[in-house]
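Colleague: task: produce atomic coordinates for the following.
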Amino acid sequence: MRRPTISDLAKASGVSVATIDRVLNGRHRVREETARRVYEAAQEIGYHAIGLLRQRVFEDLPQYRLGFVLQKPMQSFYQAFAREISVAAAAATTAKLQVQIEYPPVSTPSAIVEKVRTLVMRNQAIAIVAPDYPAVEAIVEEFKEKGIPVFSILSDFAAGVRAGYFGLDNRKVGRSAAWTIARMARKPGKVVCFVGSHRFHGHELREMGFRSYFRENAPEFEVLETMVNLDTVDVTHETISTLLQKHPDLVGIYVAGGGMEGAIAALREEKRTGDITLIVNELVPESKAALMDGTVTMAICTPLPALCRELVAQMISSIEGNTQATARQTFFPFEIYISENI
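Modeller: Residues are numbered from 1 along each chain as shown. Okay, here's the model as predicted:
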């Protein structure tokens, strides 16, 4: 494929080659609107000097540091999340951003607090995926008083203290999972929901939505006691294998957090693929393969690119003192994947 030339860039951005030259070399001042149009066109066509263009266009912008605490760095979902954060930061047009992404070794309050303290030393705004522990709320409040905004992502915590929440409407996610099972199951039977921890507010809301849907709209199904799998594959696998032996009339499983791989493996081993409606979260290589072979019925997914763009924009806004734009819940429409649209 031919590499785009400066003439291609001029055509794509609707300016002259001479204007492109001025933007690239900084010989003469070019209007900000024009320079940004050239930069955006360069992104679209894959112009090779995009790094130099960004430097020229945004050289006068303020510089900020953003810190992020995610979970489980070996999981495909969080690897994709980290990539989208970096993409969103690189695409920001109102500031030059440096991003630091960290992962606590475990999801205990002390480990999370330690990571947050480390990030605060180097960054001006923080965003965290964390359980809703009192210790987490305390450190959020501590840094709020020091003027450092902390945002919750995916699962809310420290409501009324944190700067804002960015994620899905998790109660609706749980109800959507229940709706699907109630309609896809071949006959009424038992259903079960797995959560990583009741301390994850997002998981708790998904469980509440799941149970409330069956209670209100499908009482002919029996909802078993919720299972805590610590977001791990092994616990999920072992628990589902036991449930399948104990409850031959099990017709639906919803894994509200991590550990879906264990559910997929258990259904395959017990030869229950296609016999049980399995709902999981996020489209990753494992869930995509399971959708293709019929083990997974539906995956409910977070629109990471949109979430990261809005999150980064609001973190910048909070650093610049615009608190009115934050301190709220920002819900993103979730994406639904089945075997026919992956």
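
Colleague: what is the neighbour count of the residue lying closest to Thr302 once chain neighbours are set aside?
Modeller: Once flanking residues are discounted, Thr302 sits nearest to Leu168: 6.0 Å by C-beta to C-beta, 6 or more residues apart in numbering. All C-beta atoms are positioned from the backbone trio N, CA, C, and that covers glycine. By the measure other C-beta atoms under 10 Å, the count of residues near Leu168 is 23.

Colleague: equivalent analysis for Gln75, please.
Modeller: So Gln75, with other C-beta under 10 Å, has 19 neighbours.

Colleague: measure the closest residue to it other than its chain neighbours to Ile338 for me?
Modeller: Nearest residue to Gln75 in three dimensions, chain neighbours excluded: Gly258, at 6.6 Å (C-beta to C-beta, 6+ apart). If you measure Gly258 against Ile338 using C-beta to C-beta, to the nearest Å, the figure is 21 Å.

Colleague: which of these two has more residues huddled nearby?
Modeller: A count of neighbours by other C-beta under 10 Å puts Gly258 above the other of Gly258 and Ile338, at 26 against 13.

Colleague: that one against Lys72, yeah?
Modeller: Yes. Contact criterion C-beta atoms under 8 Å: Gly258 and Lys72 qualify, at 6.7 Å.

Colleague: where do the contact lists of those two overlap?
Modeller: Asp231 (C-beta atoms under 8 Å, 6 or more residues apart in numbering).

Colleague: can I see the domain layout of this protein?
Modeller: Under the assignment automatic domain parsing, the domains of the chain span 6-57, 63-168+303-333, 170-301.

Colleague: could you export these as CSV, including mean pLDDT and distance to Ile342?
Modeller: Shown next, in CSV, are those (pLDDT from 0 to 100; distance: least, C-beta to C-beta, whole Å):
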stretch, mean pLDDT, distance to Ile342
domain 6-57, 81, 26
domain 63-168+303-333, 92, 14
domain 170-301, 97, 5
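
Colleague: state the helix or strand in which the residue nearest to Gln75 lies.
Modeller: Following DSSP states H and E, one finds Gly258 outside all helices and strands.

Colleague: ok, Leu278 next?
Modeller: Going by DSSP H and E, Leu278 is in strand 277-281.

Colleague: how far off centre is the following helix or strand past that strand?
Modeller: Following strand 277-281 in sequence order, the next helix or strand is helix 285-293 (DSSP H and E). With C-alpha atoms, centre = their mean, to the nearest Å as the basis, helix 285-293 stands 19 Å off its chain's centre.

Colleague: buried residues in stretch 294-314?
Modeller: Within stretch 294-314, the residues that count as buried by 16 or more other C-beta atoms under 10 Å are 295-302, 304, 307-314.

Colleague: what about those residues, which are in helices?
Modeller: Those of the buried residues of stretch 294-314 mapping onto helices are Leu304, Leu307, Cys308, Arg309, Glu310, Leu311, Val312, Ala313, Gln314, per DSSP state H.

Colleague: can you give me the angle the strand holding Leu278 makes with helix 285-293?
Modeller: For strand 277-281 against helix 285-293, the angle by axes from the mean of the first three to the mean of the last three C-alpha atoms, to 10 degrees is 150 degrees.
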